[in-house]
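[1] predicted structure and sequence below. I'll ask about it afterward.
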Amino acid sequence: MNSENWAKMHGATVHFPIALILCSGALDALGFFSPVPAIRRGLHAAGYWTMILGAAGTVPAVVSGLVMSKGVMLGHDTLRLHHLFAWPAFALIIGLATWRVLASDFTARKAPGGYLVAAAFAAVLVTAAGYYGGEMMLGH
């Protein structure tokens, strides 16, 4: 597969996890503030699945990005900025998904505040990584 195809594959695979991670954080935040237990449980359940699917979606995004960059982990210029946000975002998203899987009572009570702060930080990181990825692709 040539580099243009890998670039297309990377572009196609990154949007799915970005959207799901942002959605997961929003759902859990809404659940955190909901006074109705049934609504809170539903929002946290939706937050759980969007986080799990988003984390799973990061794997093809990272693999295609590594192939596209020929294994360069940081690079220079805009690629460096992209990776300085993408790698911590990837690690944090995997950590958050692991937390969700291991915290079996997460949907039965309010989300821990620390989780929500970490999810918000992951959203900032993934947004910044996406911004610099777009800058690379557009040639700015």
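    The structure has been received and is ready for your questions.
[2] just give the nearest non-adjacent residue to the residue most central in space within the chain, would you?
    By CA atoms, centre = their mean, the chain has its centre lying nearest to residue 21, at 4.4 Å. Sequence neighbours aside, residue 54 is the residue nearest to residue 21 in space, at 4.3 Å (criterion: CB to CB, 6 or more residues apart in numbering). Bear in mind the C-beta positions are built from the backbone N, C-alpha and C, glycine included.
[3] pLDDT value on that neighbour, please?
    pLDDT recorded at residue 54 is 96.
[4] swap in residue 130?
    91.
[5] what's around it, how many residues?
    Per other CB atoms under 10 Å, the neighbour tally for residue 130 reads 19.
[6] equivalent analysis for residue 113, please.
    Quick note: residue 113 (other CB under 10 Å) scores 9 neighbours.
[7] and the gap between it and residue 119?
    With the distance defined as CB to CB, to the nearest Å, residue 113 ends up 11 Å from residue 119.
[8] what do you get for residue 137?
    Taking CB to CB, one finds residue 137 at 26 Å from residue 119.
[9] please apply the same query to residue 74.
    Residue 74 is 25 Å from residue 119, by CB to CB.
[10] which one of those two has more residues nearby?
    Comparing residue 74 with residue 119 by other CB under 10 Å, the one with more neighbours is residue 119, at 25 against 12.
[11] so who does the more buried one touch?
    Residue 119 is in contact with 21, 24, 25, 28, 29, 51, 96, counting by CB atoms under 8 Å, 6 or more residues apart in numbering.
[12] so what's the fifth one closest to, chain neighbours aside?
    Nearest-residue entry for residue 29: residue 116, 5.9 Å, with adjacent residues in sequence omitted and distances by CB to CB, 6+ apart.
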